[in-house]
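Asks: I'd like to go over a predicted model; first the sequence, then the structure.
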Amino acid sequence: MIDIKFLRENPEAVKENIKKKFQDHKLSLVDEVIELDVESRKAKQEADDLRSNRNKISKEIGALMGQGKKEEAEMKKAEVAANAKRLEELEAKEAELEEKIKKIMMTIPNIIDSSVPIGKDDSENVEIKKYGDPVVPDFEIPYHTEIMEKLNGIDLDSARKVAGNGFYYLMGNIARLHSAVISYARDFMIGRGFTYCVPPFMIRSSVVTGVMSFDEMDAMMYKIEGEDLYLIGTSEHSMIGKFIDTIIQEEKLPQTLTSYSPCFRKEKGAHGLEERGVYRIHQFEKQEMIVVCKPEESKVWFDKLWQNTVDLFRSLDIPVRTIECCSGDLADLKVKSYDVEAWSPRQEKYFEVGSCSNLGDAQARRLKIRVNGENGKYFAHTLNNTVVAPPRMLIAFLENNLQADGSVKIPEVLRPYMGGQEVIS
(Lines give C-alpha, C1' and ligand atoms only; values in the text may rest on other atoms or scores of the structure.)
Protein backbone atom coordinates (compact mmCIF):
# COMPACT_ATOMS: atom_id res chain seq x y z
CA MET A 1 0.00 0.00 0.00
CA ILE A 2 1.50 3.32 -1.06
CA ASP A 3 1.45 6.48 1.04
CA ILE A 4 -1.77 8.50 0.57
CA LYS A 5 0.36 11.66 0.74
CA PHE A 6 2.49 10.41 -2.19
CA LEU A 7 -0.64 9.64 -4.22
CA ARG A 8 -2.13 13.03 -3.39
CA GLU A 9 1.01 14.85 -4.55
CA ASN A 10 1.95 12.54 -7.46
CA PRO A 11 -1.28 11.21 -9.02
CA GLU A 12 0.21 11.00 -12.52
CA ALA A 13 3.19 8.96 -11.28
CA VAL A 14 0.79 6.51 -9.62
CA LYS A 15 -1.24 6.26 -12.83
CA GLU A 16 1.89 5.66 -14.89
CA ASN A 17 2.88 2.87 -12.49
CA ILE A 18 -0.57 1.30 -12.92
CA LYS A 19 -0.10 1.40 -16.71
CA LYS A 20 3.30 -0.27 -16.38
CA LYS A 21 1.57 -3.11 -14.57
CA PHE A 22 -1.09 -3.34 -17.30
CA GLN A 23 -3.92 -2.70 -14.85
CA ASP A 24 -5.62 0.17 -16.69
CA HIS A 25 -8.96 -0.73 -15.09
CA LYS A 26 -7.53 0.71 -11.85
CA LEU A 27 -6.66 4.14 -13.28
CA SER A 28 -9.99 5.67 -12.22
CA LEU A 29 -9.28 4.61 -8.62
CA VAL A 30 -6.59 7.29 -8.31
CA ASP A 31 -9.06 10.13 -8.99
CA GLU A 32 -11.66 8.43 -6.79
CA VAL A 33 -9.22 8.29 -3.86
CA ILE A 34 -8.26 11.94 -4.35
CA GLU A 35 -11.93 13.01 -4.25
CA LEU A 36 -12.59 10.91 -1.15
CA ASP A 37 -9.43 12.27 0.47
CA VAL A 38 -10.56 15.87 -0.10
CA GLU A 39 -13.96 15.06 1.39
CA SER A 40 -12.35 13.28 4.34
CA ARG A 41 -10.02 16.15 5.14
CA LYS A 42 -12.88 18.65 4.96
CA ALA A 43 -14.90 16.56 7.42
CA LYS A 44 -11.89 16.24 9.70
CA GLN A 45 -11.23 19.98 9.61
CA GLU A 46 -14.85 20.78 10.45
CA ALA A 47 -14.79 18.25 13.28
CA ASP A 48 -11.55 19.71 14.66
CA ASP A 49 -13.07 23.20 14.52
CA LEU A 50 -16.15 22.00 16.41
CA ARG A 51 -14.02 20.36 19.09
CA SER A 52 -12.00 23.53 19.50
CA ASN A 53 -15.17 25.62 19.63
CA ARG A 54 -16.70 23.23 22.18
CA ASN A 55 -13.75 23.72 24.52
CA LYS A 56 -13.98 27.48 24.09
CA ILE A 57 -17.74 27.54 24.79
CA SER A 58 -17.31 25.26 27.82
CA LYS A 59 -15.04 27.85 29.38
CA GLU A 60 -17.53 30.59 28.55
CA ILE A 61 -20.34 28.61 30.21
CA GLY A 62 -18.27 28.31 33.38
CA ALA A 63 -17.63 32.05 33.40
CA LEU A 64 -21.32 32.89 32.80
CA MET A 65 -22.45 30.57 35.58
CA GLY A 66 -19.93 32.19 37.89
CA GLN A 67 -21.43 35.58 37.01
CA GLY A 68 -24.95 34.31 37.66
CA LYS A 69 -25.93 34.65 34.00
CA LYS A 70 -27.84 31.36 33.87
CA GLU A 71 -29.99 32.24 30.84
CA GLU A 72 -26.98 33.06 28.69
CA ALA A 73 -25.24 29.94 29.98
CA GLU A 74 -28.21 27.78 28.97
CA MET A 75 -28.10 29.26 25.47
CA LYS A 76 -24.43 28.30 25.25
CA LYS A 77 -25.27 24.79 26.45
CA ALA A 78 -27.85 24.47 23.67
CA GLU A 79 -25.18 25.51 21.19
CA VAL A 80 -22.81 22.85 22.55
CA ALA A 81 -25.58 20.22 22.24
CA ALA A 82 -26.24 21.17 18.61
CA ASN A 83 -22.54 21.05 17.86
CA ALA A 84 -22.27 17.64 19.55
CA LYS A 85 -24.86 16.19 17.20
CA ARG A 86 -23.03 17.59 14.17
CA LEU A 87 -19.70 16.32 15.56
CA GLU A 88 -21.16 12.84 15.90
CA GLU A 89 -22.28 12.95 12.26
CA LEU A 90 -18.84 14.12 11.13
CA GLU A 91 -17.00 11.43 13.10
CA ALA A 92 -19.20 8.76 11.52
CA LYS A 93 -18.55 10.28 8.10
CA GLU A 94 -14.79 10.37 8.76
CA ALA A 95 -14.75 6.67 9.70
CA GLU A 96 -16.78 5.74 6.61
CA LEU A 97 -14.54 7.76 4.27
CA GLU A 98 -11.35 6.38 5.83
CA GLU A 99 -12.61 2.83 5.32
CA LYS A 100 -13.44 3.53 1.66
CA ILE A 101 -10.04 5.13 1.08
CA LYS A 102 -8.22 2.24 2.78
CA LYS A 103 -10.10 -0.36 0.73
CA ILE A 104 -9.21 1.34 -2.55
CA MET A 105 -5.62 2.06 -1.53
CA MET A 106 -5.12 -1.63 -0.80
CA THR A 107 -5.92 -2.43 -4.44
CA ILE A 108 -3.66 0.20 -6.02
CA PRO A 109 -0.30 -1.47 -6.83
CA ASN A 110 2.92 -0.48 -5.11
CA ILE A 111 5.41 1.68 -7.02
CA ILE A 112 7.80 -0.69 -8.78
CA ASP A 113 11.55 -0.16 -8.85
CA SER A 114 12.85 1.74 -11.88
CA SER A 115 15.05 -1.25 -12.82
CA VAL A 116 12.08 -3.62 -13.29
CA PRO A 117 11.63 -4.66 -16.96
CA ILE A 118 8.26 -3.69 -18.43
CA GLY A 119 6.22 -6.65 -19.62
CA LYS A 120 2.65 -7.92 -19.57
CA ASP A 121 3.09 -11.38 -18.00
CA ASP A 122 5.65 -14.05 -17.05
CA SER A 123 6.43 -14.74 -20.73
CA GLU A 124 8.29 -11.42 -20.71
CA ASN A 125 10.41 -12.10 -17.61
CA VAL A 126 14.14 -11.62 -18.14
CA GLU A 127 16.92 -14.14 -17.51
CA ILE A 128 19.69 -12.60 -15.38
CA LYS A 129 22.31 -15.32 -14.97
CA LYS A 130 22.89 -19.10 -15.07
CA TYR A 131 24.81 -20.95 -12.36
CA GLY A 132 26.24 -24.40 -13.13
CA ASP A 133 26.20 -26.31 -16.40
CA PRO A 134 22.82 -27.87 -17.28
CA VAL A 135 23.31 -31.52 -18.25
CA VAL A 136 21.05 -33.93 -20.13
CA PRO A 137 22.22 -37.51 -19.45
CA ASP A 138 22.35 -40.18 -22.14
CA PHE A 139 19.61 -42.19 -20.41
CA GLU A 140 15.91 -41.45 -20.10
CA ILE A 141 14.74 -39.61 -16.99
CA PRO A 142 11.24 -40.68 -15.92
CA TYR A 143 8.59 -38.33 -14.53
CA HIS A 144 9.42 -37.49 -10.91
CA THR A 145 6.61 -39.56 -9.38
CA GLU A 146 7.81 -42.58 -11.37
CA ILE A 147 11.29 -42.13 -9.87
CA MET A 148 9.75 -41.94 -6.40
CA GLU A 149 7.49 -44.94 -6.96
CA LYS A 150 10.41 -47.12 -8.10
CA LEU A 151 12.13 -46.21 -4.83
CA ASN A 152 8.92 -46.98 -2.85
CA GLY A 153 8.89 -43.33 -1.86
CA ILE A 154 5.41 -42.03 -2.66
CA ASP A 155 1.78 -43.14 -2.41
CA LEU A 156 -0.59 -40.86 -4.32
CA ASP A 157 -3.51 -43.30 -4.55
CA SER A 158 -3.95 -43.57 -0.77
CA ALA A 159 -3.61 -39.79 -0.43
CA ARG A 160 -6.44 -39.27 -2.93
CA LYS A 161 -8.69 -41.54 -0.86
CA VAL A 162 -7.81 -39.72 2.34
CA ALA A 163 -7.68 -36.06 1.18
CA GLY A 164 -8.30 -35.88 -2.58
CA ASN A 165 -6.06 -34.62 -5.39
CA GLY A 166 -3.11 -32.40 -4.51
CA PHE A 167 -1.93 -34.48 -1.54
CA TYR A 168 0.60 -37.29 -1.11
CA TYR A 169 2.23 -39.75 1.25
CA LEU A 170 6.03 -39.61 1.11
CA MET A 171 7.56 -42.86 2.26
CA GLY A 172 10.88 -44.38 3.32
CA ASN A 173 14.05 -42.83 1.98
CA ILE A 174 12.19 -40.23 -0.09
CA ALA A 175 10.42 -39.01 3.07
CA ARG A 176 13.79 -38.99 4.81
CA LEU A 177 15.33 -37.08 1.90
CA HIS A 178 12.52 -34.53 2.17
CA SER A 179 13.28 -33.95 5.86
CA ALA A 180 17.03 -33.95 5.22
CA VAL A 181 16.72 -31.15 2.67
CA ILE A 182 14.66 -29.05 5.11
CA SER A 183 17.16 -29.66 7.94
CA TYR A 184 20.13 -28.87 5.72
CA ALA A 185 18.44 -25.66 4.52
CA ARG A 186 17.77 -24.66 8.14
CA ASP A 187 21.42 -25.10 9.12
CA PHE A 188 22.60 -23.47 5.90
CA MET A 189 20.68 -20.30 6.77
CA ILE A 190 21.75 -20.35 10.42
CA GLY A 191 25.29 -20.47 9.05
CA ARG A 192 24.51 -17.31 7.10
CA GLY A 193 23.63 -15.51 10.33
CA PHE A 194 19.84 -15.89 10.29
CA THR A 195 17.85 -16.66 13.44
CA TYR A 196 15.85 -19.89 13.22
CA CYS A 197 12.13 -19.71 14.00
CA VAL A 198 9.08 -21.98 13.95
CA PRO A 199 6.05 -19.65 13.62
CA PRO A 200 2.28 -20.08 14.11
CA PHE A 201 0.76 -21.95 11.17
CA MET A 202 -2.51 -19.99 11.36
CA ILE A 203 -2.91 -16.22 11.23
CA ARG A 204 -5.71 -13.69 11.69
CA SER A 205 -7.33 -11.79 8.83
CA SER A 206 -5.63 -8.56 9.93
CA VAL A 207 -2.27 -10.21 9.19
CA VAL A 208 -3.45 -11.79 5.92
CA THR A 209 -4.59 -8.44 4.50
CA GLY A 210 -1.37 -6.88 5.74
CA VAL A 211 0.99 -9.21 3.90
CA MET A 212 -0.75 -9.86 0.57
CA SER A 213 -3.14 -8.46 -2.01
CA PHE A 214 -6.83 -9.40 -2.13
CA ASP A 215 -6.29 -11.34 -5.38
CA GLU A 216 -3.51 -13.42 -3.82
CA MET A 217 -5.61 -14.00 -0.71
CA ASP A 218 -8.55 -15.32 -2.74
CA ALA A 219 -6.35 -17.59 -4.86
CA MET A 220 -4.27 -19.01 -2.03
CA MET A 221 -5.67 -18.95 1.50
CA TYR A 222 -7.77 -21.57 3.29
CA LYS A 223 -10.18 -20.05 5.84
CA ILE A 224 -10.94 -21.81 9.13
CA GLU A 225 -14.73 -22.03 9.42
CA GLY A 226 -16.24 -20.03 12.28
CA GLU A 227 -12.94 -18.43 13.34
CA ASP A 228 -10.88 -15.43 12.35
CA LEU A 229 -8.02 -17.68 11.28
CA TYR A 230 -6.40 -18.69 7.99
CA LEU A 231 -3.91 -21.49 7.27
CA ILE A 232 -0.66 -19.93 6.10
CA GLY A 233 0.37 -20.26 2.45
CA THR A 234 4.01 -19.59 3.40
CA SER A 235 5.73 -18.84 6.70
CA GLU A 236 6.56 -15.37 5.39
CA HIS A 237 2.98 -14.39 6.27
CA SER A 238 3.37 -15.40 9.88
CA MET A 239 6.95 -14.12 10.16
CA ILE A 240 6.19 -10.62 8.88
CA GLY A 241 3.07 -10.67 11.04
CA LYS A 242 5.34 -11.17 14.06
CA PHE A 243 6.14 -7.45 13.86
CA ILE A 244 2.56 -6.18 13.52
CA ASP A 245 1.92 -2.87 15.28
CA THR A 246 5.44 -2.62 16.70
CA ILE A 247 8.07 0.10 16.92
CA ILE A 248 11.57 -1.32 16.40
CA GLN A 249 14.60 0.56 17.64
CA GLU A 250 16.80 1.39 14.64
CA GLU A 251 19.88 -0.18 16.22
CA LYS A 252 18.07 -3.55 16.30
CA LEU A 253 17.82 -3.64 12.50
CA PRO A 254 18.12 -5.62 10.37
CA GLN A 255 15.96 -8.45 11.67
CA THR A 256 17.02 -11.57 9.73
CA LEU A 257 14.97 -14.70 10.32
CA THR A 258 14.71 -18.13 8.71
CA SER A 259 11.59 -20.16 9.39
CA TYR A 260 10.19 -23.63 8.89
CA SER A 261 6.52 -24.31 8.33
CA PRO A 262 3.99 -26.45 6.52
CA CYS A 263 2.18 -24.43 3.86
CA PHE A 264 -1.39 -24.75 2.59
CA ARG A 265 -2.59 -23.39 -0.76
CA LYS A 266 -5.74 -23.62 -2.84
CA GLU A 267 -3.66 -23.41 -6.03
CA LYS A 268 -6.58 -22.07 -8.07
CA GLY A 269 -6.05 -22.41 -11.82
CA ALA A 270 -3.35 -25.10 -11.63
CA HIS A 271 -3.40 -27.20 -14.79
CA GLY A 272 -1.34 -28.97 -17.43
CA LEU A 273 1.14 -31.84 -17.50
CA GLU A 274 3.57 -30.32 -15.00
CA GLU A 275 0.78 -29.83 -12.48
CA ARG A 276 0.63 -33.60 -11.91
CA GLY A 277 2.54 -35.41 -9.19
CA VAL A 278 3.95 -33.11 -6.51
CA TYR A 279 4.65 -30.02 -8.63
CA ARG A 280 1.58 -28.07 -7.48
CA ILE A 281 -0.02 -29.36 -4.33
CA HIS A 282 -2.27 -28.13 -1.53
CA GLN A 283 0.14 -28.99 1.28
CA PHE A 284 3.93 -28.83 1.44
CA GLU A 285 6.78 -27.82 3.73
CA LYS A 286 9.18 -24.97 3.32
CA GLN A 287 12.20 -23.18 4.70
CA GLU A 288 11.83 -19.42 4.27
CA MET A 289 13.91 -16.30 4.95
CA ILE A 290 12.65 -12.82 5.78
CA VAL A 291 14.33 -9.51 6.49
CA VAL A 292 13.02 -6.37 8.16
CA CYS A 293 15.45 -3.51 7.55
CA LYS A 294 16.00 0.20 6.99
CA PRO A 295 14.75 1.47 3.59
CA GLU A 296 18.23 2.35 2.36
CA GLU A 297 19.42 -1.23 3.00
CA SER A 298 16.65 -3.18 1.25
CA LYS A 299 18.33 -3.28 -2.18
CA VAL A 300 21.48 -4.80 -0.68
CA TRP A 301 19.48 -7.37 1.26
CA PHE A 302 17.48 -8.26 -1.86
CA ASP A 303 20.69 -9.37 -3.60
CA LYS A 304 21.86 -11.26 -0.53
CA LEU A 305 18.59 -13.18 -0.25
CA TRP A 306 18.37 -14.57 -3.78
CA GLN A 307 22.09 -15.37 -3.70
CA ASN A 308 21.50 -17.54 -0.61
CA THR A 309 19.09 -19.73 -2.58
CA VAL A 310 21.45 -19.97 -5.55
CA ASP A 311 24.31 -21.00 -3.24
CA LEU A 312 22.20 -23.65 -1.51
CA PHE A 313 21.12 -25.29 -4.76
CA ARG A 314 24.64 -25.22 -6.14
CA SER A 315 25.89 -26.92 -2.96
CA LEU A 316 23.55 -29.77 -3.94
CA ASP A 317 24.95 -29.88 -7.51
CA ILE A 318 21.74 -28.51 -9.04
CA PRO A 319 22.16 -25.98 -11.89
CA VAL A 320 19.97 -22.90 -11.48
CA ARG A 321 19.31 -19.54 -13.05
CA THR A 322 17.85 -16.25 -11.84
CA ILE A 323 14.93 -14.59 -13.61
CA GLU A 324 13.73 -11.04 -13.04
CA CYS A 325 9.96 -10.73 -12.96
CA CYS A 326 8.61 -8.09 -15.32
CA SER A 327 6.15 -5.41 -14.22
CA GLY A 328 3.03 -7.35 -15.20
CA ASP A 329 4.17 -10.45 -13.31
CA LEU A 330 4.72 -8.63 -10.00
CA ALA A 331 2.12 -9.02 -7.27
CA ASP A 332 0.67 -5.64 -6.27
CA LEU A 333 2.73 -5.23 -3.09
CA LYS A 334 6.08 -6.04 -4.70
CA VAL A 335 8.71 -3.47 -5.68
CA LYS A 336 11.05 -5.97 -7.33
CA SER A 337 11.24 -9.76 -7.58
CA TYR A 338 13.60 -12.50 -8.79
CA ASP A 339 12.65 -16.13 -9.33
CA VAL A 340 15.25 -18.84 -8.85
CA GLU A 341 14.70 -21.66 -11.33
CA ALA A 342 16.28 -25.13 -11.24
CA TRP A 343 17.34 -27.15 -14.26
CA SER A 344 15.11 -30.08 -15.25
CA PRO A 345 17.07 -32.60 -17.35
CA ARG A 346 13.83 -34.43 -18.18
CA GLN A 347 12.11 -31.33 -19.59
CA GLU A 348 15.39 -29.77 -20.76
CA LYS A 349 14.34 -26.45 -19.30
CA TYR A 350 14.33 -24.54 -16.02
CA PHE A 351 11.38 -24.34 -13.61
CA GLU A 352 10.67 -22.17 -10.56
CA VAL A 353 11.82 -23.40 -7.16
CA GLY A 354 11.92 -20.11 -5.25
CA SER A 355 10.92 -16.46 -5.34
CA CYS A 356 12.70 -13.47 -3.79
CA SER A 357 10.77 -10.24 -3.25
CA ASN A 358 11.41 -6.72 -2.03
CA LEU A 359 8.11 -5.21 -0.86
CA GLY A 360 9.43 -1.80 0.15
CA ASP A 361 7.32 -0.39 2.97
CA ALA A 362 4.01 -1.81 1.64
CA GLN A 363 3.62 -4.57 4.24
CA ALA A 364 5.04 -2.37 7.00
CA ARG A 365 2.54 0.39 6.19
CA ARG A 366 -0.39 -2.05 6.32
CA LEU A 367 0.80 -3.77 9.49
CA LYS A 368 2.16 -0.60 11.17
CA ILE A 369 5.74 -1.87 11.46
CA ARG A 370 7.68 1.25 12.35
CA VAL A 371 11.28 2.06 13.18
CA ASN A 372 12.37 4.56 15.81
CA GLY A 373 15.42 6.34 14.39
CA GLU A 374 17.48 9.42 15.13
CA ASN A 375 15.20 11.60 13.01
CA GLY A 376 11.91 10.13 14.21
CA LYS A 377 9.71 7.18 13.25
CA TYR A 378 9.43 5.67 9.77
CA PHE A 379 8.14 2.50 8.13
CA ALA A 380 10.53 -0.43 7.76
CA HIS A 381 11.17 -2.31 4.52
CA THR A 382 10.39 -6.02 4.33
CA LEU A 383 11.80 -8.74 2.08
CA ASN A 384 11.26 -12.47 1.74
CA ASN A 385 12.73 -15.39 -0.18
CA THR A 386 12.32 -19.14 -0.43
CA VAL A 387 15.29 -21.08 0.90
CA VAL A 388 13.88 -24.38 -0.26
CA ALA A 389 10.40 -25.84 -0.74
CA PRO A 390 10.21 -29.61 -1.05
CA PRO A 391 8.65 -31.60 -2.50
CA ARG A 392 8.93 -29.37 -5.61
CA MET A 393 12.62 -29.01 -4.87
CA LEU A 394 12.79 -32.83 -4.77
CA ILE A 395 11.85 -32.88 -8.46
CA ALA A 396 15.00 -30.94 -9.31
CA PHE A 397 17.06 -32.97 -6.84
CA LEU A 398 15.93 -36.38 -8.14
CA GLU A 399 16.28 -35.49 -11.81
CA ASN A 400 19.75 -33.99 -11.40
CA ASN A 401 21.06 -36.77 -9.15
CA LEU A 402 19.43 -39.76 -10.88
CA GLN A 403 21.87 -42.40 -12.13
CA ALA A 404 21.51 -44.79 -15.07
CA ASP A 405 20.64 -47.74 -12.82
CA GLY A 406 17.69 -45.85 -11.27
CA SER A 407 19.46 -45.04 -8.02
CA VAL A 408 19.85 -41.47 -6.72
CA LYS A 409 23.19 -40.18 -5.45
CA ILE A 410 23.29 -38.08 -2.29
CA PRO A 411 25.57 -35.01 -2.44
CA GLU A 412 28.21 -34.93 0.26
CA VAL A 413 26.70 -31.99 2.17
CA LEU A 414 23.41 -33.88 2.60
CA ARG A 415 24.84 -37.23 3.75
CA PRO A 416 25.04 -36.34 7.47
CA TYR A 417 21.25 -35.72 7.37
CA MET A 418 20.71 -39.10 5.67
CA GLY A 419 22.56 -41.20 8.23
CA GLY A 420 25.65 -41.31 6.04
CA GLN A 421 23.85 -42.73 2.98
CA GLU A 422 25.58 -42.02 -0.31
CA VAL A 423 22.91 -43.49 -2.58
CA ILE A 424 19.16 -44.20 -2.51
CA SER A 425 18.45 -47.38 -4.43
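Replies: Nice, thanks for sending it over. Keep in mind that this is a model prediction, so the values were computed, not measured.
Asks: Going by C-alpha atoms from here, please, whenever you check contacts or count neighbours.
Replies: Noted.
Asks: And the helices in the chain?
Replies: 4-9, 11-20, 27-66, 70-105, 144-150, 156-163, 172-191, 205-211, 214-220, 235-241, 298-315, 362-367, 392-401 (DSSP state H).
Asks: I'd like the ones you listed as JSON lines, with mean neighbour count appended.
Replies: What follows is those, written out as JSON lines (neighbours: other Cα atoms under 10 Å):
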{"stretch": "helix 4-9", "mean neighbour count": "14"}
{"stretch": "helix 11-20", "mean neighbour count": "18"}
{"stretch": "helix 27-66", "mean neighbour count": "15"}
{"stretch": "helix 70-105", "mean neighbour count": "15"}
{"stretch": "helix 144-150", "mean neighbour count": "17"}
{"stretch": "helix 156-163", "mean neighbour count": "13"}
{"stretch": "helix 172-191", "mean neighbour count": "18"}
{"stretch": "helix 205-211", "mean neighbour count": "20"}
{"stretch": "helix 214-220", "mean neighbour count": "15"}
{"stretch": "helix 235-241", "mean neighbour count": "25"}
{"stretch": "helix 298-315", "mean neighbour count": "18"}
{"stretch": "helix 362-367", "mean neighbour count": "25"}
{"stretch": "helix 392-401", "mean neighbour count": "23"}
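Asks: Flag whichever of those has the least confidence on average.
Replies: Ranked by mean pLDDT, the helices of the chain end with helix 214-220 at the bottom, a mean of 79.
Asks: So what touches it?
Replies: With contacts defined as Cα atoms under 8 Å, 6 or more residues apart in numbering, helix 214-220 is touched by 107, 208-209, 233, 264-268, 331.
Asks: Among those, show me the least confident.
Replies: Within those, the minimum per-residue pLDDT falls on Lys268 (60).
Asks: follow-up on the earlier one: so which of the contacts of helix 214-220 wins on neighbours?
Replies: Gly233 (26 neighbours; other Cα atoms under 10 Å).
Asks: Now for Ile111: which residues touch it?
Replies: For Ile111, the contacting residues are 2, 14, 17, 335, by Cα under 8 Å, 6+ apart.
Asks: so what pLDDT did it get?
Replies: Ile111 carries a pLDDT value of 97.
Asks: where are the low-confidence patches of the stretch 251-400 of the chain?
Replies: Within the stretch 251-400 of the chain, the stretches with pLDDT under 70 are 268-276.
Asks: Strands of that one, start to end?
Replies: 255-264, 283-293, 320-324, 336-344, 349-358, 369-373, 376-379, 381-388 (DSSP state E, counting those that start in this stretch).
Asks: Mind putting those strands into a markdown table with distance to Gln45?
Replies: Putting the strands of the stretch 251-400 of the chain into a markdown table (distance: least, Cα to Cα, whole Å) gives the following:
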| stretch | distance to Gln45 |
| --- | --- |
| strand 255-264 | 39 |
| strand 283-293 | 36 |
| strand 320-324 | 46 |
| strand 336-344 | 38 |
| strand 349-358 | 37 |
| strand 369-373 | 27 |
| strand 376-379 | 25 |
| strand 381-388 | 32 |
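Asks: Tell me which of the ones you listed sits most buried.
Replies: Ranked by mean neighbour count, those are led by strand 381-388 with a mean of 27 (mean count of other Cα atoms under 10 Å).
Asks: That strand versus helix 172-191: what angle between them?
Replies: 150 degrees (axes from the mean of the first three to the mean of the last three Cα atoms, to 10 degrees).
Asks: Run through who's touching strand 381-388.
Replies: 181-182, 185, 236, 240, 286-295, 298, 301-302, 305-306, 308-309, 312, 353-364.
Asks: before we move on, the earlier item: in JSON lines: the helices of the chain, plus distance to Gln421.
Replies: Output for the helices of the chain, formatted as JSON lines (distance: least, Cα to Cα, whole Å):
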{"stretch": "helix 4-9", "distance to Gln421": "57"}
{"stretch": "helix 11-20", "distance to Gln421": "51"}
{"stretch": "helix 27-66", "distance to Gln421": "58"}
{"stretch": "helix 70-105", "distance to Gln421": "54"}
{"stretch": "helix 144-150", "distance to Gln421": "17"}
{"stretch": "helix 156-163", "distance to Gln421": "26"}
{"stretch": "helix 172-191", "distance to Gln421": "10"}
{"stretch": "helix 205-211", "distance to Gln421": "41"}
{"stretch": "helix 214-220", "distance to Gln421": "37"}
{"stretch": "helix 235-241", "distance to Gln421": "30"}
{"stretch": "helix 298-315", "distance to Gln421": "17"}
{"stretch": "helix 362-367", "distance to Gln421": "43"}
{"stretch": "helix 392-401", "distance to Gln421": "14"}
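Asks: of those, which approaches Thr258 most closely?
Replies: When the helices of the chain are compared by Cα to Cα, helix 172-191 sits nearest Thr258, at 6.6 Å.
Asks: Against which helices or strands is the closest one packed?
Replies: Applying 3 or more Cα pairs under 8 Å, 6 or more residues apart in numbering; DSSP states H and E, we find helix 172-191 packed against strand 255-264, strand 283-293, helix 298-315, strand 381-388.
Asks: Out of the ones you listed, which is closest to His144?
Replies: Comparing these under Cα to Cα, the one sitting nearest is strand 283-293, at 16.1 Å.
Asks: who touches that closest one?
Replies: For strand 283-293, contacts defined as Cα under 8 Å, 6+ apart pick out 166-167, 182, 185-186, 194, 234-236, 239-240, 253-265, 301, 305, 380-391.
Asks: Pull up the pairing partners for it, direction included.
Replies: If you go by DSSP bridges, strand 283-293 pairs up with strand 255-264 (antiparallel), strand 381-388 (antiparallel).
Asks: Identify the residues contacting the closest residue to Cys325 other than its chain neighbours.
Replies: Residue nearest to Cys325 in three dimensions, not counting chain neighbours: Asn125, with 4.9 Å by Cα to Cα, 6 or more residues apart in numbering. Asn125 makes contact with 117, 119, 323-326, 329 under the criterion Cα under 8 Å, 6+ apart.
Asks: Quick one: which of the residues you listed is the most crowded by neighbours?
Replies: When neighbours are taken as other Cα under 10 Å, the top entry among the contacts of Asn125 is Cys325 (27 neighbours).
Asks: what sits against it?
Replies: 116-117, 122, 124-126, 336-339.
Asks: about what we covered before: Glu71 is nearest to which of the strands of the stretch 251-400 of the chain?
Replies: Closest among the strands of the stretch 251-400 of the chain, using Cα to Cα: strand 376-379, at 50.1 Å.
Asks: Can you list the strands that that closest one pairs with?
Replies: strand 369-373 (antiparallel).
Asks: picking up where we left off before, identify, from the contacts of Cys325, the entry nearest to Ala175.
Replies: Distances from Ala175 to those, taken by Cα to Cα, are shortest for Asp339, at 26.1 Å.
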